[in-house]
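> Sequence first, then the predicted structure, then my questions.
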Amino acid sequence: MAAQDHSKTAYVILGMLALGKRTGYEIKSLVDVSTRFFWAASYGQIYPELRRLEEAGLVRGEDDAGDGRRRRAYELTAEGRTALHDWLTSEQPLVRELRHEGVLKLFFSDVLDPDEQLAQLRRIRAEHEEMRERLKAVEPGAREADEAKGLRFTLLTLDWGIAYQDAMIDWCKRAERELAAAEV
């Protein structure tokens, strides 16, 4: 199947399974500490997509009731590995989507008074500063894990995340200065 035949969530799942056999819950947990910072996936997307991928022969599921719970662990098939490779090397235009509620609120902030507008920017900056610190806190462990597994690109992506936070923080500071100067 061609890369365009699957949802982006399908490729998130295929990529996570390329890292090893996992249940839907484990995939979601891994998404929550990795790709959700730039491409989120919910349980409501993951489980139906796992069923579709299994029906398409791209993943193979195996029931595991070892602890009494009904779980199904999945792994990539050869066809799934091929589909992931084809998507990774595809020349299709890249989907770029940014959803940022703070920026959405800022877009409509002309209805606020100047102090409230400045507060919007400060809140956005504070949240990006907090996220930058969270990402920096996981960096040493991520580096160690990646080196142990021979991976490079998860750490490179973490670096992108930190750089994005830094860019947003710098932009907020400039915008705050502009708003403050306009008030004088």
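Good, I have the coordinates.
> What is the strand or helix carrying residue 116 packed up against?
Element membership of residue 116 [criterion: DSSP states H and E] is helix 114-149. Judged by 3 or more C-beta pairs under 8 Å, 6 or more residues apart in numbering; DSSP states H and E, helix 114-149 is in contact with helix 101-107, helix 153-183. The C-beta positions use only the backbone N, C-alpha and C, and glycine is treated the same way.
> List the buried residues in it.
Neighbour counts over helix 114-149 (16 or more other C-beta atoms under 10 Å) mark 117-118, 120-121, 124-125, 127-128, 131-132, 135, 142, 146 as buried.
> just stretch 100-114 next, same as before
102, 106, 109.
> any idea how far residue 95 is from the last one?
Here the criterion is C-beta to C-beta, to the nearest Å. By it, residue 109 lies 28 Å from residue 95.
> do the same with residue 116
Residue 116 is 34 Å from residue 95, by C-beta to C-beta.
> pretty sure residue 139 contacts residue 161?
No. Taking C-beta atoms under 8 Å as the definition, residue 139 is not a contact partner of residue 161, at 9.8 Å.
> does residue 62 count as helix, strand or coil?
strand (DSSP: H, G, I helix; E, B strand; the rest coil).
> Can you read off the pLDDT for residue 67?
Residue 67 carries a pLDDT value of 67.
> cool, residue 117 as well?
Looking at residue 117, the pLDDT reads 94.
> quick revisit: of the helices and strands packed on helix 114-149, give the one that comes closest to residue 28.
helix 153-183 (17.2 Å; C-beta to C-beta).
> same for that closest one, what does it pack against?
Applying 3+ C-beta pairs under 8 Å, 6+ apart, one finds that helix 153-183 contacts helix 114-149.
> next one: the helix it packs on to chain centre, how far?
Relative to its chain's centre, helix 114-149 lies at 14 Å (C-alpha atoms, centre = their mean, to the nearest Å).
> again with stretch 175-184
The answer for stretch 175-184 is 34 Å, by C-alpha atoms, centre = their mean.
> how about that stretch: buried residues?
So, applying 16+ other C-beta under 10 Å, buried residues of stretch 175-184: 175-176, 179.
> Make CSV from these and add pLDDT and distance to residue 24 to it.
Output for the buried residues of stretch 175-184, formatted as CSV (pLDDT from 0 to 100; distance: C-beta to C-beta, whole Å):
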residue, pLDDT, distance to residue 24
175, 96, 41
176, 94, 43
179, 90, 46
